[in-house]
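1. Pasted the sequence and its predicted model underneath.
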Amino acid sequence: MIAGIIEGFYGPPWTHQERLRNIDLLAEYGGNTYVWAAKLEPRHRQLWLDPFTELEVTEFTELSIRQKTVQVLIGLTPGGDATTEQVINKLQPAIDHGCHGVVLSFDDLPALDAATKHREIANALIENLKTQVWLVPTHYAGITASPYLEELIDGLHPKVLVMWTGVHVVNDSIHAHEARQRTQACRGRKPLLWDNTPVNDAMMSEALHLGPYAGREAALRSEITGLLINPMEFATASQPTLVSALAWVNDGEPYSAWLNFVDQHGWTEFARCTAFPDDPHWPGARPTDDWWHAVVDMNPLGLEAGCEPWIDGAKQGAQLVLDARRLLGPALPRSQSTVLKKITLALRWRSWQRLPVLLYGGGPRLRPVIINDEHGEFVYRPGSVIAATCLVDDEVMRCLNTD
């Protein structure tokens with residue numbers, strides 16, 4: 001079964017060294033696939049027609065031979081006027097330099113009338129490159145057929161794998177019966193699951209996703225051809241979810257695998273700070289003082305510098321909670337000093353709320369919980385916006401609303 005990563009997010013792509021390290025991690029934890037398809041890699045999408053540079057093809061070779069058990073595929077988003085010859089010529093060097101297949105990324109394009117062309121390009125690649133060809137269709141979410149999907153599948157080479165993100169673009173849960181419905185919509189072709197987790201690009205950029213792989217029932221494994229998770233731009237911070245997802249693929253216990261991994265790296269408390277109330281690693285409605293002290297004292301080493309705003313914000317928020325609880329202490333007399341302390345707390349809290357990060361379950365949380373309908377068009381779904389107060393807000397308001 002295919003299991004691994006599709007680096008397919010919007011935002012700064014991973015470095016070559018980050019890719020190598022995560023291929024090593026895949027091999028260590030039972031993964032077997034890495035897909036190079038970051039949206040902002042210039043020659044993946046924007047400059048798709050430009051040949052890969054000499055450095056890029058050298059790096060493709062290094063990625064492909066890094067681990068014998070991990071295959072590497074190269075993604076491309078051809079432009080609307082692309083010819084099959086252009087796409088073949090573009091991708092041939094990747095195969096010549098050791099890559100194990102190619103991925104046509106037709107997602108997020110206004111191309112629902114281009115199914116015939118997408119099918120023809122995929123079939124031509126199978127015939128000419130003699131390698132694996134996977135395809136991300138323009139209609140990639142949902143469980144219904146559409147004119148685009150019907151035209152795409154009609155005559156598509158049987159070895160071309162067609163990707164699917166689940167019912168929605170981002171999903172809290174994915175069930176086996178949903179995958180079966182997608183298979184039916186694709187005329188018996190089981191989907192290759194592109195799972196948009198722990199990705200935090202675009203409208204999700206204020207959240208940091210460090211939690212376990214959850215909400216995917218075990219029966220789903222037999223209804224898909226594989227699982228590729230889409231990580232964050234933070235290659236190291238994506239690893240807890242990756243390790244957990246690989247445990248799920250290999251019939252292990254995803255939460256235990258996650259907990260072992262974050263405990264080993266000293267990231268457990270920080271991960272809980274970034275959770276939301278429905279997450280399995282949520283710290284609870286009213287964590288103890290000991291937990292808040294642990295957050296203030298935590299030092300999660302090894303994460304990217306880009307994670308520092310969340311780390312600093314988590315520590316500041318934890319200190320606010322501890323200070324608010326002290327002001328609620330029964331032995332604290334009413335005094336001018338107490339009034340000033342509450343005003344100071346309120347001002348600190350207001351500054352903390354303005355930090356550009358989401359922590360402790362706060363919102364509004366924005367996610368692309370949208371679906372492709374029977375026409376292949378995106379439809380807004382409830383759950384795309386969740387308004388909620390966070391643990392810090394609750395504790396500070398409890399203090400400020402008490403005489």
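-> The structure has been received and is ready for your questions.
2. For the stretch 1-150 of the chain, just list every one of the strands.
-> With DSSP state E, counting those that start in this stretch as the criterion, the stretch 1-150 of the chain has strands at 2-7, 33-36, 71-76, 101-105, 132-136.
3. Could you do the stretch 301-403 of the chain as well?
-> Going by DSSP E, counting those that start in this stretch, the stretch 301-403 of the chain shows strands at 365-366, 370-372, 378-380, 385-386.
4. how about these, which one is nearest residue 295?
-> Ranking the strands of the stretch 301-403 of the chain by proximity to residue 295 (C-beta to C-beta) places strand 365-366 first, at 20.4 Å. (Each C-beta comes from the backbone N, C-alpha and C, glycine too.)
5. Buried ones in stretch 278-294, by neighbour count?
-> 279, 281, 282, 283, 287, 291, 292 (16 or more other C-beta atoms under 10 Å).
6. So which of those belong to helices?
-> The helices, defined by DSSP state H, take in 291, 292 from the buried residues of stretch 278-294.
7. Quickly note the distance from the nearest residue to residue 214 once chain neighbours are set aside to residue 190.
-> Nearest residue to residue 214, sequence neighbours excluded (C-beta to C-beta, 6 or more residues apart in numbering): residue 280, at 5.2 Å. Per C-beta to C-beta, to the nearest Å, residue 280 is found 27 Å from residue 190.
8. domain parsing for this protein?
-> Per automatic domain parsing, the domain ranges recorded for the chain read 2-263, 269-361+391-400.
9. wait, which of those is closest to residue 377?
-> domain 2-263 (7.4 Å).
10. Return the distance of the closest one from the chain's centre.
-> 11 Å (C-alpha atoms, centre = their mean, to the nearest Å).
11. what about the helices in the stretch 151-300 of the chain?
-> Assigned by DSSP state H, counting those that start in this stretch, the helices in the stretch 151-300 of the chain fall at 176-185, 239-249, 254-265, 268-273, 289-297.
12. dump the residue contacts of the closest residue to residue 315 other than its chain neighbours.
-> Closest residue to residue 315 apart from its sequence neighbours, by C-beta to C-beta, 6+ apart: residue 296 at 5.6 Å. Contacts for residue 296 (C-beta atoms under 8 Å, 6 or more residues apart in numbering) come out as 315, 318, 319, 322.
13. mind redoing it with 10 Å?
-> 269, 314, 315, 316, 317, 318, 319, 321, 322 (C-beta atoms under 10 Å, 6 or more residues apart in numbering).
14. Near residue 320, how many other residues are there?
-> Neighbour count of residue 320, defined by other C-beta atoms under 10 Å: 21.
15. shaky segments in the protein?
-> 330-336 (pLDDT under 70).
16. top helix in it by residue count?
-> The chain, longest helix under DSSP H: helix 308-327.
17. which parts of that helix are buried?
-> For helix 308-327, by 16+ other C-beta under 10 Å, it's 310-311, 313-321, 323-324, 327.
18. How about stretch 360-370?
-> Going by 16+ other C-beta under 10 Å, stretch 360-370 has these buried residues: 360, 361, 362, 365, 366, 367, 368, 369, 370.
19. Same check on stretch 144-161?
-> Result for stretch 144-161 [16+ other C-beta under 10 Å]: buried residues 144, 145, 146, 148, 149, 151, 152, 153, 156, 160, 161.
20. swap in stretch 270-277?
-> Buried residues in stretch 270-277 (16+ other C-beta under 10 Å): 270, 271, 272, 273, 274, 275, 276.
21. OK, contacts around the residue lying closest to residue 367 once chain neighbours are set aside?
-> Sequence neighbours aside, residue 170 is the residue nearest to residue 367 in space, at 4.9 Å (criterion: C-beta to C-beta, 6+ apart). Neighbour list for residue 170: 141, 195-197, 199, 203-204, 230, 367-370, 383-384 [criterion: C-beta under 10 Å, 6+ apart].
22. circling back to that earlier point, using JSON lines, lay out the buried residues of stretch 270-277 together with distance to residue 239.
-> Shown next, in JSON lines, are the buried residues of stretch 270-277 (distance: C-beta to C-beta, whole Å):
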{"residue": "270", "distance to residue 239": "13"}
{"residue": "271", "distance to residue 239": "11"}
{"residue": "272", "distance to residue 239": "17"}
{"residue": "273", "distance to residue 239": "17"}
{"residue": "274", "distance to residue 239": "14"}
{"residue": "275", "distance to residue 239": "17"}
{"residue": "276", "distance to residue 239": "20"}
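23. For stretch 383-399, buried residues please.
-> Here stretch 383-399 shows 384, 386, 390, 391, 392, 393, 394, 395, 396, 399 as buried, counting by 16+ other C-beta under 10 Å.
24. before we move on, what about stretch 32-49?
-> 32-39, 41, 43-45, 48.
25. Around residue 180, count how many other residues there are.
-> Residue 180: 17 neighbours (other C-beta under 10 Å).
26. my bad, should have said residue 239
-> Neighbours of residue 239 under the rule other C-beta under 10 Å: 23.
27. residues contacting the nearest residue to residue 245 once chain neighbours are set aside?
-> Using C-beta to C-beta, 6+ apart and skipping the chain neighbours, the partner closest in space to residue 245 is residue 213 (4.0 Å). Listed by C-beta under 10 Å, 6+ apart, the contact partners of residue 213 are 195, 197-198, 227, 229, 240-249, 254-255, 257-258, 280.
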